[in-house]
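[1] predicted coordinates and the sequence they were generated for:
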Protein chains: 2
Amino acid sequence: MNSPLRLGIAGLGTVGTGVVRIIRQKADLLAVRAGRPVTISAVSARTRDKDRGVSLADYAWEDDPVALARRTDVDVFVELMGGSDGPAKAATEAAIAAGKDVVTANKAMLAHHGQALALAAEKAGCVIRFEAAVAGGIPVIKALSEGLAGNEITRVMGVMNGTCNYILTRMQATGQGYNALFEEADKLGYLEADPNLDVGGIDAGHKLALLASIAFGCQVDFGAVALEGIQNVTIEDIRHAADMGYRIKLLGVAQMTGRGLEQRMSPCLVPDTSPLGQLEGGTNMVVLEGDSVEQIVLRGPGAGMGPTASAVMGDVMDIARGLRLSTFGQPATSLSRCKPASTATPAPYYMRMSLIDKPGALAKVATLLGEAGISIDRMRQYRHDATTAPVLIVTHKTTRDALDTALTGISRLDVLAGHPVALRIETV
Amino acid sequence: MNSPLRLGIAGLGTVGTGVVRIIRQKADLLAVRAGRPVTISAVSARTRDKDRGVSLADYAWEDDPVALARRTDVDVFVELMGGSDGPAKAATEAAIAAGKDVVTANKAMLAHHGQALALAAEKAGCVIRFEAAVAGGIPVIKALSEGLAGNEITRVMGVMNGTCNYILTRMQATGQGYNALFEEADKLGYLEADPNLDVGGIDAGHKLALLASIAFGCQVDFGAVALEGIQNVTIEDIRHAADMGYRIKLLGVAQMTGRGLEQRMSPCLVPDTSPLGQLEGGTNMVVLEGDSVEQIVLRGPGAGMGPTASAVMGDVMDIARGLRLSTFGQPATSLSRCKPASTATPAPYYMRMSLIDKPGALAKVATLLGEAGISIDRMRQYRHDATTAPVLIVTHKTTRDALDTALTGISRLDVLAGHPVALRIETV
């Protein structure tokens, strides 16, 4: 048997505890598969005296994760603290400086500092693996960077925040509005300490930026992700979309266009018969499209102790087996700075507006759409109350620019009540 | 730039041509990702003078794949000829003996000779990769052997023969019987030269045996797969199953039980709302379940030039990047001979029978089920013709043994017209 791979684990929350548990309970299985034992030398967390349901007596304790990262009896620094900066970043940098490999679940840190960390790791001859940072237990980083390595990737899409998908599918199922379901998710403990990370699309945007970097060979650029959360998705739009055969999802899309790299995380309509449309609750789904493979769909739990620890262990086992790959699938020095193009790809759009019941109201809207070069695929006007009538429009493919031109005109109409809604329909 | 990885490709059918095309068209992308060029030194096929839509002028030609496998300018032998024995096996053995790595799409060869080839490869310090052998473009071998390496795998399931799924979903959609759709599939070129490989479940059984070996650390044992094809699936059962909320799929299931390793490839009922139930046409789906990850579902094209070549290239790129893993995810010498247990796991069953319209007919069936310890979940008796009445029964969970006992008794009843049908309902 070869020498053991010795871990130092910083962060003993749900995921860290799950990793310790697997290493203790599956030692023999891991050793057979890796050809060597996988052991823990030391751990670090904010509080030492907490019952985590797993014994830490065999491991050295470090109060300071930086000290843990530098220990000579640690081969791999496992960073499960979280936070884009602060101790997580300091300890990761210390580990790399000390020549240690890094396994992390920290999407925020990599979305903000991925390029600098990847450069440092390559210089030091270390690897950084982060399967657990994207889509929980789904081995999507591996599928994209290794399994599809022979493809020119054409598009990456995903529902990658389980909390948002929970809220949206519960709105659909119960007919309740966003605020009620936000509170339900909060009571169930599904929300981050800062809920805007979830419902504002930031957490999912971090994940999308990481996938886009691997897919298109670009330096990770979270700032270029066009972000829109689910806070303004109304129960009316969920119902109307369902009537027309669609579901609303917080969907991340990255694709390379003639105008640059498009990265979007926003509420979109998808067909209710598609795998994305059928995705319920907290489950995650990632769709990978390549010029050879066509389309691969990966589905699985996006969070939780077991699934996230499974992803961490996949990375640990890769390192134990000597499977070493550049952070973003190619040397960090070869990653280009891709020009951002936020919404270059044309798509059909769903529009909803309330028109005041006057002769010619609809004609004015149709005229403005026509003038912007937008043609109408389907239109429905619902039975109206005393003074206003809700109108739904599904356009043929158009650009966001053309749509914005039309919306500006429509907003100025004297027949409009309230604000018009426009949501992209993603072709899947 | 490091030295190139030089391929020798044997077999220039659809998949081989697809691989040549990718290597020619994506040379720069592959070189950046691998950190070295991927090139072709030589090729081999049955006929040299055939227009394959791609130039072979740059490559040496070998009539004999064994000679190709031994060439000193070949680092990796890419076996895309097919067939469990004959030239494919001879050339693969020659390649290993000459110290070459092997990439193959040959499920039949590995299902029959996987253990011997894996032992030979390890002795010679070579790797054998076979992502393209299972579920086409879906990187399932990688997901299972690497991504989920921290899991004790609990069950592997899959729809892995696109032709069978095409026939079954077309039966459902058109109401036509098996024979008509078999002919349709044949006209479309979807069937192997020996159609029994498809509709008899053999091809899918090969794939299941390979996944089971990786999942459970067992020597691949195709002979232990309980095989049943789709030839006897009737349009009546497809209709009745649909009425009760199920779809019939040719489903492979491998799981470790207290009685040994269970491997089955047979028509099963699955809920129509599950991802497996919703899988239409030629698409493949594999479900991986582990003690930590819970459930991962992978979906994608199971065949075709692009997807299969994508899988071959995934393996080639792994080797180019120095990512080297044992054939079945752990040393071949550590794979155990697992005791086969064909259908040990209890499950609910769907039963259909025609009863002659006599008082007490149904009571006799119910009595026999009760005597076998089988309880009934749901039962339907349909409006009958002059003399017989179709009866559908969904049982609670029971063993195959108990079911067989009951079926033996039922077959002897004087109230039975024709043969009773019994299909397993797989919990997904």
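    Yep, it's here.
[2] so which residues of the stretch 201-350 of chain A form strands?
    Along the stretch 201-350 of chain A, counting by DSSP state E, counting those that start in this stretch, strands occupy A:226-227, A:246-257, A:260-271, A:283-290, A:294-301, A:349-356.
[3] the second one vs strand A:283-290, what angle?
    With axes from the mean of the first three to the mean of the last three C-alpha atoms, to 10 degrees applied, the angle from strand A:246-257 to strand A:283-290 works out at 40 degrees.
[4] wait, which of the strands of the stretch 201-350 of chain A is closest to residue A:120?
    Shortest distance between residue A:120 and the strands of the stretch 201-350 of chain A, using C-beta to C-beta, is found for strand A:260-271: 23.8 Å. The way it works is simple: take the backbone N, C-alpha and C, and place the C-beta from them, glycine included.
[5] any bit of that closest one sitting next to chain B?
    No. If you take C-beta under 8 Å from any C-beta of the partner chain as the test, strand A:260-271 misses chain B, and the best it gets is 12.6 Å.
[6] so which elements touch that strand?
    When contacts are defined as 3 or more C-beta pairs under 8 Å, 6 or more residues apart in numbering or on different chains; DSSP states H and E, strand A:260-271 packs onto helix A:202-216, strand A:226-227, strand A:246-257, strand A:416-425.
[7] list the buried residues of the helix ranked longest in chain A.
    Identified as the longest helix of chain A according to DSSP state H is helix A:107-124. Neighbour-count burial for helix A:107-124 flags A:107-115, A:117-122 (criterion: 16 or more other C-beta atoms under 10 Å in any protein chain shown).
[8] one more: stretch A:404-415?
    Going by neighbour count (16+ other C-beta under 10 Å), the buried part of stretch A:404-415 is A:405-407, A:409-410, A:413, A:415.
[9] show me the contact partners of that stretch.
    A:353, A:355-356, A:358, A:360-361, A:364-365, A:368-369, A:371-372, A:374, A:416, A:419-420, A:422 (C-beta atoms under 8 Å, 6 or more residues apart in numbering or on different chains).
[10] roughly how far does the residue in the stretch 201-350 of chain A that chain B sits nearest to sit from residue A:43?
    Using C-beta to the nearest C-beta, residue A:313 is the residue of the stretch 201-350 of chain A that sits closest to chain B, at 2.5 Å. Separation of residue A:313 from residue A:43 (C-beta to C-beta, to the nearest Å): 16 Å.
[11] the two: which has the busier surroundings?
    residue A:313 (29 against 26; other C-beta atoms under 10 Å in any protein chain shown).
[12] the spatially closest residue to the residue of the stretch 201-350 of chain A closest to chain B that is not a sequence neighbour: what secondary structure?
    Spatial nearest neighbour of residue A:313, excluding adjacent residues (C-beta to C-beta, 6 or more residues apart in numbering or on different chains): residue B:150 at 2.5 Å. Under DSSP: H, G, I helix; E, B strand; the rest coil, the three-state class of residue B:150 is coil.
[13] count of neighbours near residue B:150?
    28.
[14] hmm, it is touching residue A:314, no?
    Yes. Using C-beta atoms under 8 Å, residue B:150 is in contact with residue A:314, at 5.9 Å.
[15] neighbours of residue A:12, just the number please.
    Neighbours of residue A:12 (other C-beta under 10 Å): 23.
[16] okay, now the unreliable bits of chain A?
    Residues of chain A meeting the criterion pLDDT under 70: A:1, A:342, A:384.
[17] care to break it down by domain?
    A:5-104, A:140-301, A:349-425 (automatic domain parsing).
[18] output the strands of the stretch 201-350 of chain A in a markdown table; the columns should cover distance to residue B:209 and mean neighbour count.
    What follows is the strands of the stretch 201-350 of chain A, written out as a markdown table (distance: least, C-beta to C-beta, whole Å; neighbours: other C-beta atoms under 10 Å in any protein chain shown):
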| stretch | distance to residue B:209 | mean neighbour count |
| --- | --- | --- |
| strand A:226-227 | 47 | 18 |
| strand A:246-257 | 37 | 24 |
| strand A:260-271 | 36 | 24 |
| strand A:283-290 | 27 | 25 |
| strand A:294-301 | 23 | 24 |
| strand A:349-356 | 47 | 22 |
